[in-house]
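1. Fold the following for me, if possible:
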Amino acid sequence: MFHIRKAKASDMPMLAEMALVLFPNNRMRTLPGDTFLLAERGGIPIGFCHYRIREKRCYIAGLGVLAQYRGHGVGSQLMANALSRIDRNGVQATSLRVRAINHAAKLYSDFGFFEKKSGDTLVLMRKKPS
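-> Numbering: from 1, shown residues only. Model (predicted):
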């Protein structure tokens, strides 16, 4: 079993290391006011979701689960938890970018994201559910 919590400042160095493992070709860019959710199993970090809200828009900057924990619902629970928090903040539209070959693209469509722009990198959007 695992649980999800909002990350604390003391979690940031470990989150940066996890991001390097999960996304070796991308540098994690953190801005003031960004939110990180952390999935843990037995106190061990296994995944995270990084998002930023600006006015009525949200950008999901990263969602990743360590390879050995994939396929157990961790990514789905991180996304569900993040979207619940995002919706409670009055956000009207949420977007993210994902490589077209990434198997997580289906996960995003399951949560109401649709393709806004395509190519090697998809831009996906989600309108706030009514």
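
2. contacts and neighbour counts: CA atoms only from here.
-> Fine.

3. Now the helix or strand bottoming out on mean pLDDT in the chain: buried residues?
-> Sorting the helices and strands of the chain by mean pLDDT, DSSP states H and E puts strand 114-117 at the bottom, at a mean of 81. Going by neighbour count (16 or more other Cα atoms under 10 Å), the buried part of strand 114-117 is 114, 115.

4. Provide the strand pairings for that strand, with the direction of each partner.
-> strand 121-127 (antiparallel) (DSSP bridges).

5. Confirm for me that residue 122 is in contact with residue 98.
-> Yes - the criterion here is Cα atoms under 8 Å, and residue 122 meets it with residue 98 at 5.3 Å.

6. helices and strands around the lengthiest strand in the chain, which ones?
-> Identified as the longest strand of the chain according to DSSP state E is strand 44-54. Using 3 or more Cα pairs under 8 Å, 6 or more residues apart in numbering; DSSP states H and E, the elements in contact with strand 44-54 are strand 35-41, strand 57-65, helix 74-88.

7. now with 6 Å?
-> Judged by 3 or more Cα pairs under 6 Å, 6 or more residues apart in numbering; DSSP states H and E, the packing partners of strand 44-54 are strand 35-41, strand 57-65.

8. what residue ranges in this protein score low on pLDDT?
-> For the chain, the stretches with pLDDT under 70 are 118-119, 130.

9. cutoff 90 now
-> The model of the chain has pLDDT under 90 over residues 1, 23-29, 97-107, 109-110, 114-125, 127-130.

10. ok, what's across the strand from residue 97?
-> Beta-bridge partners of residue 97, as defined by DSSP bridges: residue 123.

11. Start the count at 13 instead of 1 going forward.
-> From this message on, residue numbering opens at 13, which makes the last subject residue 109.

12. Cool, thanks, talk later.
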